[in-house]
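>>> would you be able to build a 3D model of this:
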Amino acid sequence: MKKVILLLMSVQFFVYLGFGIIIPILPEVVVQQGFSEVHVGGLLTVYALASFFTAPLWGSLSDRTGRKKLILLGLAGFSLSFFLFALFIENLPLLYVSRVVGGVFSGALYTAVTGFVADLTDEENRNKYMGLLGMSIGLGFIFGPAIGGVLGHSSLQLPFIGSGVLTLFLIVYASMILKEPERRGSANKRALLPKGGTVLWQYRIRYLFLFSFMVTFLLAGLESTFQLFQMSKIEITPLQIGYLFMASGFVDAVIQGGVVRRVKNGSETKWIIGAQIVTALGLLLIPFTSSLLWAGFALSVFTAGNALARTVLVSLTTKESGGKYGTAAGMTYSMDNMGRIIGPLLFTWIFTQQAGSMYFVSSILAVLSIGLIMAFRKTAKSLRNFETVSE
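Have a look, this model is predicted:
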């Protein structure tokens, strides 16, 4: 089982490495090729849009056809997206195609990997392994921008070619190591959800989907505005921003790899509420930035809360899915991508109106979102009841 978990962690790592390496390169590509700067946002948005519209379909397919097949297919498609970007770096329409391909197959990988881990684990140890997956995501965010910046200094195509080749090697390794897991969702459990993801919204798991949107919405809003705000406050440089996000990435990895595994079954909602309070505190600290150290501290506080809430939420969602692990993961991934679509647009607009107030608004929203978890706790209509009966 350890080999399988390590492999699944590697898959998640490369997915988010691929997301991260483009951060320091995309603006450079757009400027060097003389494209309009609006395409920086456009190329980021189509990735999230592609994931948003396809993840539920991948999740349903994962539940029907198996996790391993979807992981191998996802890796192949994700590798293709890297090569497309590298080969057609001077062709704007094909750059959009490469980003759409990457978004589509990242959705396949996320849902299949999450479903795979849910099948391998029981409710007592699922938090631990979901935490390890979360740690690999954090590491992808740490090394992605760093690798993109270092390799991109020599050639803008090099980071994408390297990532594409490594992903191909991962396909070979995965095909040898992975074996289709035994489903923990029995045939009877799956029959409870004949209409797929839409039925899930009739149960209290819907509050977890909405909360997932809020968590990512706040994160995407911060990612899109933090550098702009700090430029006006302390004249921060891109290199310094890179260091800060690397440091916050390490905080993310520590939280998800160390703290999350201590979350006991049944205590998830308490941890999520506490995490969201920490998130709000981090957002409140940002407007008072007076130095690089303070900026890094505020960002790390926010990251600690956001990482904890995000990972515990994934584990709790699988427990509430009624055996539809893949479908629930697909719905969660779609809500996350909706946050990544709306968050940057809304918070950038607020920033242009009045920069400092944006983080106060974000902090208030973080606190208000706790109401979704409270509603979840008070609602008795849970798919766990069906799991208990069917067993």
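>>> name the residue closest to the centre of this protein, please.
residue 336 (6.9 Å; CA atoms, centre = their mean).
>>> host element of that residue?
helix 325-353 (DSSP states H and E).
>>> same thing with residue 156?
Per DSSP H and E, there is no helix or strand for residue 156.
>>> let me know the average pLDDT across the helix holding residue 336.
The average pLDDT within helix 325-353 is 75.
>>> now the helix or strand that comes right after it and helix 325-353, what's the angle there?
Using DSSP H and E, the next helix or strand after helix 325-353 towards the C-terminus is helix 357-368. Counting by axes from the mean of the first three to the mean of the last three CA atoms, to 10 degrees, helix 357-368 lies at 150 degrees to helix 325-353.
>>> mind listing what's buried along helix 357-368?
358-359, 362-363, 365-366 (16 or more other CB atoms under 10 Å). Any C-beta I mention is one placed from the backbone N, CA and C, and that applies to glycine too.
>>> centre of the chain to that helix, how far?
Distance of helix 357-368 from its chain centroid, counting by CA atoms, centre = their mean, to the nearest Å, is 21 Å.
>>> list the helices and strands the very next helix or strand once past that helix packs on?
Going down the chain from helix 357-368, the next helix or strand is helix 370-378, by DSSP H and E. Judged by 3 or more CB pairs under 8 Å, 6 or more residues apart in numbering; DSSP states H and E, the packing partners of helix 370-378 are helix 205-234, helix 268-285.
>>> can you rerun that using 10 Å?
helix 205-234, helix 268-285, helix 292-319 (3 or more CB pairs under 10 Å, 6 or more residues apart in numbering; DSSP states H and E).
>>> would you format the ones you listed as a markdown table with mean pLDDT and mean neighbour count included?
Formatted as a markdown table, those follow (pLDDT from 0 to 100; neighbours: other CB atoms under 10 Å):
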| stretch | mean pLDDT | mean neighbour count |
| --- | --- | --- |
| helix 205-234 | 82 | 21 |
| helix 268-285 | 91 | 21 |
| helix 292-319 | 86 | 24 |
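>>> do you know which of the ones you listed lies nearest residue 13?
helix 292-319 (14.7 Å; CB to CB).
>>> tell me the angle of that closest one relative to helix 205-234?
Using the same axes, to 10 degrees: helix 292-319 against helix 205-234 is 170 degrees.
>>> now the angle from helix 292-319 to helix 268-285?
Following the same axes, to 10 degrees, one obtains 160 degrees for the angle between helix 292-319 and helix 268-285.
>>> next one: helix 292-319 to chain centre, how far?
On CA atoms, centre = their mean, the centre of helix 292-319 falls 12 Å from that of its chain.
>>> which neighbouring elements make contact with that helix?
Right, helix 292-319 is packed against helix 92-120, helix 126-154, helix 205-234, helix 238-254, helix 268-285, helix 325-353, helix 357-368, helix 370-378 by 3+ CB pairs under 10 Å, 6+ apart.
>>> wait, which of the ones you listed is closest to residue 62?
Nearest of those (CB to CB): helix 325-353, 3.4 Å.
>>> show me what the closest one is packed up against.
Checking 3+ CB pairs under 10 Å, 6+ apart, helix 325-353 ends up next to helix 38-65, helix 67-87, helix 92-120, helix 197-200, helix 205-234, helix 292-319, helix 357-368.
>>> residue contacts, residue 100?
43, 46-47, 49-51, 54, 81, 84 (CB atoms under 10 Å, 6 or more residues apart in numbering).
>>> same check, this time on residue 15
So residue 15 contacts 74-75, 78, 102, 105-110, 113, 136-137, 140, 144, 167 (CB under 10 Å, 6+ apart).
>>> change it to 6 Å
106, 109 (CB atoms under 6 Å, 6 or more residues apart in numbering).
>>> residue 351: which of the contacts of residue 100 is nearest?
residue 43 (20.3 Å).
>>> measure the nearest residue to that closest one once chain neighbours are set aside to residue 320 for me?
Excluding the flanking residues, the one nearest residue 43 by CB to CB, 6 or more residues apart in numbering is residue 99, at 5.2 Å. For residue 99, the distance to residue 320 equals 32 Å [CB to CB, to the nearest Å].
>>> now residue 83
Residue 83 is 39 Å from residue 320, by CB to CB.
>>> which one's more surrounded, these two?
residue 320 (22 against 19; other CB atoms under 10 Å).
>>> got a pLDDT number for the more buried one?
72.
>>> these two touch, right, residue 312 and residue 270?
No. Shown here, residue 312 and residue 270 do not form a contact pair, counting by CB atoms under 6 Å, at 9.6 Å.
>>> in three-state terms, label the nearest residue to residue 92 once chain neighbours are set aside for me.
Of all residues not flanking residue 92 in the chain, residue 35 sits nearest, at 5.6 Å (CB to CB, 6+ apart). Residue 35 carries the three-state label coil when classified by DSSP: H, G, I helix; E, B strand; the rest coil.
>>> how many other residues sit next to residue 35?
There are 16 residues near residue 35, going by other CB under 10 Å.
>>> cool, and residue 348?
15.
>>> can you pull the contacts of it?
Contacts of residue 348 by CB under 6 Å, 6+ apart are residue 224.
>>> let's see it at 7 Å
When contacts are counted by CB atoms under 7 Å, 6 or more residues apart in numbering, residue 348 touches 224-225.
>>> repeat that for residue 302.
222, 279, 282-283.
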